[in-house]
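[1] Need coordinates for the below:
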Amino acid sequence: LPRGLGELSYSLYLWHWPVYLLLLPKLGGLKDLCGGGPLGDWITAAVAIALSVALAALTKAYVEDPVRFRKGWARGRRGLTVVAAAAVAAGVLWATVPEPVPGAGTVDVEQLR
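    Now for the predicted structure:
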């Protein structure tokens, strides 16, 4: 298990923040469904962790390893097309992520001073 997490660590590093930023606010209903309280918090966190690990495993298997080991789609013109499509997808994701509102579940730097 530790070795597997180590192999997924970079992908997990990339995926955990979007999952927590975009998904956790939408999981409030899951917490209420579990009766609220600490149990709901634990279940919500477990769902977010599971989704982060699943996305990391998919990214490693279908993006990182093929590029690292130069699979067929990662070479030549096709590879350039895939990289361009990934860049466009990343730009769209960046544009759709909401800007954090200070004090609304984020760290207010002014209060830390």
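[2] From now on I want contacts and neighbour counts done on CA atoms only, so please keep to that.
    OK.
[3] where's residue 88 relative to residue 13, distance?
    Using C-alpha to C-alpha, to the nearest Å, one obtains 21 Å as the distance from residue 88 to residue 13.
[4] Ignore what I typed, I meant residue 55.
    For residue 55, the distance to residue 13 equals 11 Å [C-alpha to C-alpha].
[5] More neighbours: those two, which one.
    Per other C-alpha atoms under 10 Å, whichever of residue 55 and residue 13 has more neighbours is residue 55, with 19 against 13.
[6] Tell me the secondary structure of residue 98, please.
    Here residue 98 is recorded as coil under DSSP: H, G, I helix; E, B strand; the rest coil.
[7] what sits against it?
    With contact set as C-alpha atoms under 8 Å, 6 or more residues apart in numbering, residue 98 has no partners.
[8] switch to numbering from 264
    Right, with 264 as the first residue, what we last looked at is residue 361.
[9] For this protein, which helix extends over the most residues?
    Ranked by residue count under DSSP state H, the longest helix found in the chain is helix 300-322.
[10] most centrally placed residue in this structure?
    Taking C-alpha atoms, centre = their mean, the centroid of the chain lies closest to residue 278, which sits 2.3 Å from it.
[11] element containing that residue?
    If you go by DSSP states H and E, residue 278 is part of helix 265-281.
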